[in-house]
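Asker: Return a 3D structure for these sequence lines:
(2 chains)
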Amino acid sequence: MRPLDPRLLRHARAARGYVVLTTLLGLLTAVLVVAQALLIARALAPAIEGTVDGSWSSGPEGASLLLLAAVVLARAGTAWAQERFALRAAARTIAELREAVVVHATALGPRRLASGRGPEVATLATRGLDALEPYLVRYLPQLLLAATVTPLAILVVLGLDWVSAVIVVCTIPLIPLFMVLVGQLTAGTAQRRLVVVQRLGSQVLDLLTGLPTLKAFGREIGPQARVRALGDANRRATMGTLRVAFLSGMVLELLTTLSVAVVAVGIGLRLLRGEGIDLEAGLAVLVLAPEVYLPLRQVGAQFHASTDGLAAAEQAFAVLDTPVHARGTTPAPPLRGSRIELDGVSVRAGDRATDAPAGLSLTLDLPARAGGATGRVLALTGPSGAGKSTAVLVLLGLLRPDAGRVTVRGGVVGAGTGTDGAAGTDLAEIDPASWWSQVAWVPQRPALAPGRLRDVVRDERDVTDAAIDAAARTSGLDAVVARLPHGWDTVVGRGGTGLSVGERQRAALAAALLDDPDDVPLVVLDEPTAHLDARGEQAVLDAVRTWRDQGRTVVVVAHRASVVALADDVVEVVARPVATGVPA
Amino acid sequence: MSGERGTGRAATDPLRRAVPLLELRARGFVVAVAWGSLALGCAVGLAAVAAWLIARASQMPEIGAVSIAVVAVRAFGIGRGVARYLERLASHDLALRGMTALRANLYARLAAGRGTALAGVRRGDLLARVGADVDAVGDVVVRAFVPACVAVVVSVLSVVVVGAFLPSAALVLAACLLLAGVLSPWLASRAAARTEAASARVRAEMSARTLEILENAGPLQVGGAMDERLVALRRTDRELAAATDDGARVSALAAALQSAAVGLAVLGALLLGIPAVAAGTLDPTELSVIVLTPLAAFEGVAALPAAAIQVRRSRRAAARIMGLLDEAEAAVPAAPSAPAARTERAGSAGETPAAPPRTLRALDLSVGWDGTPAVVGVDLAVGVGAAVALVGPSGVGKTTVLATLAGLVPPVAGSLDVPGDAVLVAEDGHVFDTTVLENLRVARGDLDEAEAVTVLDRVGLAAWLDALPDGVATLLGPDGATVSGGERRRLLAARALVTRAPWVLVDEPAEHLDAATADELVRTLVADARATGHGLVLATHRLTALDAVDEVLVLGTPPGGGPAGVVARGSHAELVGRDPGYAWSLAQEQPGDPAAPVADLGSATARR
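Answerer: Numbers count the residues shown, from 1 in each chain, chains lettered A, B, ... in the order given. You can find the predicted model right below:
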């Protein structure tokens, strides 16, 4: 794992600017740290050597102190700027990554979101990326300081006193060396103990979370002593791991402090013998030596911030680096008069060795003019898990089939013969926006835009209030409106009155009834299954009949016999285990 | 957070209430602070003695004059790392002991609290995060209490060292330490509070928008609404960044103050020290000490802004824990006839033999969580060996009725007579991280292996049991992670079969099961009630198997709104003949219906 992943800079613009700023501030800090040490030494040395008198403040010492004051102010300003812009940059970087992850995850399609990774992506996008804040705000600046302050301070020490520089340069490689050695020696032990710790910890939690159940059966007293015993065992095991884990921290502290001590003693003894070092240089080196190590120690202290942050970034890149299918670019033909064909469509069902649907073929002929003919209702049936909803996703172009294809041929229905032999356009090549604008989809759990209910149902279309009222009567939305505090003017959705899934479904049905049948000739309905009563079922049947009467073609995922009875065509969707090579 | 303030008992700081539950030992705390002070004291000592050493050495005295200083500098150089190591071990040991005590105290008080089961039903999320909250409260020891005490000790030490040479410089140092150790942490804490307050709402909105987009990606794309939602998300994220930015204004001030305080202390020492040396009142070597000591003295207070933020975090966690305790310990008046000694019977409830023939009786009973009636006018009589079912749409209040019958919620009105124990087998009952057998023994301590195998067979888990590596001795893993939803339901139902309580209340036994298994399970539960002579009350939304029970109560909400009530009652057969809604619902469940979940894909293929 690299401490600064270049992909972070590639994916988040805010991070790029921040790294540049932090590097500049790091360089400035390095200069200021060195200046501060030199100025302190310059002011202090003459006073110690007894060469200052009462008029010192107007002499070079006074000037040094003025400069020192300026440096102190400048360092405070740098610290201010670092903190001020670090938090802002972190918030923006997280926002950029969040948007990128959300956009990419939706582009990956429903299969990705429905698989086990879906909740993971949601957790990452809402909370997980927050781990980047401590990484960017605390860890990264220290890392960059280690790359600016440490080398510059060493160079200055070299100029002042090469012996001290040699000591410092020799100890620095020892730090990672010893930390790696300690880490390797203890890794096995720590890992083994960690397993014990986690096991014990989860057992205590288990008893706590299960307490209501124990109480329901009157058995809550027994485990009380066990909670304490498990806690004690947990503590002993944890301390075992910590004794080992803290060793690397001790090595870090020991090496850094000890080398400062060695530098100090070395300077002292050479001063004593008058061996080629003056007091001012000695004092400057003494002030600088801890500064060489400070960023390294801070990097060590913020190690967890770094691993957590990088792990979150890694998860984000895993999403972002998953290739997506290129979007089609061919504009969809007008669906009026088109023939849509599903030909041997199979979709592998998640992790199971099953195709659901398996080899699904069907044909939809959409009449050329809405007024010309009534539409048709095609019901998809089959047991749950057969892939009915998946088949709908394929038809909508939200999911690419693993085998087979969906094709569209424009202008063939009702246009006589002649073009019948022409090959259709593969749905994968069609611009999805031009396809979706001609399709109305009422899913199981519709998502309504927030706003006044009337505006939500109207959805910026040119329809009269009377038409909306009629649609509401058909879909059963009128009963919902009657119940709402402000009727049609009630603000629903986020921040407004909540609507149940069933109520949202009715609103979506009403909205789909208001489409211009010529513009939106295809309706796809995922019939609601949950908590539907007789009135709700009637509303669904009425809506399907109305669509058909409007001359639209309806594809419905049917769960109830009554809906199947209404359909003109019934296609059974089946799932099939994938052949494992041995013919049955 | 305004939620931390309240009235009466809750008005006191939740962290202050939670800390005694950690049972921190004074000795352990003193040891940790001592090691920590020694570690930082070594750093300060190293700076002070090295400053003196170099200044003195420049005067070229005899080697003997500085030999003690040389030894001291080396000792401080080694001592710091070692003392810091020991401090970390001591403070973590202290914190871990504290967490153990807090968990044990929490368990004991939750176990004793009458409202626990109730709180568990309503605040399951809180119970689930209690582990993280305990850790957050324990962290306050390592990340706030010990560092704060160490900072005080080391600061006083530094001021005393400097003061021994030049009292005026000590005053400047003390003032600067106060800036960095009090004002800066206060600002940092303010900044965190400000960001939190400003971002809480925006953060919730960001979460909601993100989840909406991810969950409804398909419908939003097809409906052409995706771009608009992404723009809205971007807008919300900008608001969030603005809220963070607002807090950053203050925390940047805290950071600048930290940095400035060190510089000011050094500058002050130079300004006061140089004239003192020139005037001959301060020895030159001492000047070196008072100027260079402050450079190391601020390490202790530098940790305090983070400590202040940790206190806030721990306080929030403590507020959740204390809230849970308060809810569990809130005096829930005993149901009229429920035995007051319910909490004292040590592991015996399920083991008392069935009570003599009596009747669980409710007359015009109103139930509700907070004293507001959710369901009113429930008349119920369950005899020995009888079974009654409560049906109705989800959310109508079936669980509330069961919880009231079990004595977990006091009745709002009406009378309730429950002779003996009523055991509620909750829908979200816990599957423990132990063996299958121990999980059944939760319901009856003396259950033996053979009985366990039999009962698992009766709930349809025989095949599942056969597949387990160690039979009933197989470990199930944390929170039954290795158990599917359907298996979990049946395992919980097995507990209902095992218990010997005279009244068994089972909530939604059919959830997560396919139709045939669900109906089979309900019939098994009813048959068991008839055979062993306990009374059974079921809450379910599936009707097919209810021909087995004696009476069905249909709960529903009146058309005009208001609390739910019993809209129809009678035997299954009567209701089918009399109630069109009931008959319609039942018809939806009939076999051959395409909605009936078919678990076996193989048979679906065969039908083709």
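Asker: Now do the strands in chain B.
Answerer: B:360-367, B:375-382, B:387-391, B:413-417, B:422-425, B:503-507, B:535-539, B:551-556, B:564-570 (DSSP state E).
Asker: between those, which gets nearest to residue A:474?
Answerer: strand B:551-556 (25.4 Å; CB to CB). From N, CA and C alone the C-beta is placed, and that goes for glycine too.
Asker: ok and the closest one relative to strand B:375-382, angle-wise?
Answerer: Strand B:551-556 and strand B:375-382 are oriented at 170 degrees to each other (axes from the mean of the first three to the mean of the last three CA atoms, to 10 degrees).
Asker: Can you tell me the strand partners of strand B:551-556 and which way each runs?
Answerer: strand B:387-391 (parallel), strand B:564-570 (antiparallel) (DSSP bridges).
Asker: Mean neighbour count, distance to residue A:135 and mean pLDDT added to the strands of chain B, as CSV?
Answerer: What follows is the strands of chain B, written out as CSV (neighbours: other CB atoms under 10 Å in any protein chain shown; distance: least, CB to CB, whole Å; pLDDT from 0 to 100):
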stretch, mean neighbour count, distance to residue A:135, mean pLDDT
strand B:360-367, 20, 51, 90
strand B:375-382, 20, 52, 90
strand B:387-391, 25, 53, 92
strand B:413-417, 16, 57, 89
strand B:422-425, 26, 47, 87
strand B:503-507, 27, 45, 91
strand B:535-539, 27, 49, 92
strand B:551-556, 22, 53, 90
strand B:564-570, 18, 52, 89
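Asker: okay, those strands in TSV with distance to residue A:161 next?
Answerer: Below are those laid out as TSV (distance: least, CB to CB, whole Å):
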stretch	distance to residue A:161
strand B:360-367	84
strand B:375-382	86
strand B:387-391	87
strand B:413-417	89
strand B:422-425	79
strand B:503-507	79
strand B:535-539	83
strand B:551-556	88
strand B:564-570	86
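Asker: how about the CA coordinates for stretch B:286-305, as CSV?
Answerer: The C-alpha coordinates for stretch B:286-305 follow below in CSV (Å, rounded to 0.1, in the frame of the first residue of the first chain):
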residue,chain,number,x,y,z
GLU,B,286,20.5,29.3,33.2
LEU,B,287,19.4,31.5,30.3
SER,B,288,20.0,28.6,28.0
VAL,B,289,17.7,26.4,30.1
ILE,B,290,14.8,28.9,30.3
VAL,B,291,14.9,29.5,26.6
LEU,B,292,15.2,25.9,25.3
THR,B,293,13.0,24.1,27.9
PRO,B,294,9.8,25.6,26.5
LEU,B,295,10.5,24.0,23.2
ALA,B,296,9.9,20.6,24.8
ALA,B,297,7.3,21.6,27.4
PHE,B,298,4.4,21.9,25.0
GLU,B,299,4.2,18.3,23.9
GLY,B,300,1.8,17.5,26.7
VAL,B,301,-0.7,20.3,26.0
ALA,B,302,-0.4,19.6,22.2
ALA,B,303,-2.5,16.4,22.8
LEU,B,304,-5.3,18.3,24.6
PRO,B,305,-7.3,19.6,21.6
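Asker: With distance to residue A:483 added, can I get the strands paired with strand B:551-556 in a markdown table?
Answerer: Formatted as a markdown table, the strands paired with strand B:551-556 follow (distance: least, CB to CB, whole Å):
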| stretch | distance to residue A:483 |
| --- | --- |
| strand B:387-391 | 23 |
| strand B:564-570 | 16 |
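Asker: Extract the residue ranges of the stretch 351-500 of chain A that are flagged as low pLDDT.
Answerer: Within the stretch 351-500 of chain A, the set of residues satisfying pLDDT under 70 comprises A:351-352, A:370-373, A:384, A:414-422, A:494-498.
Asker: I'm done for today, thanks for sticking with me.
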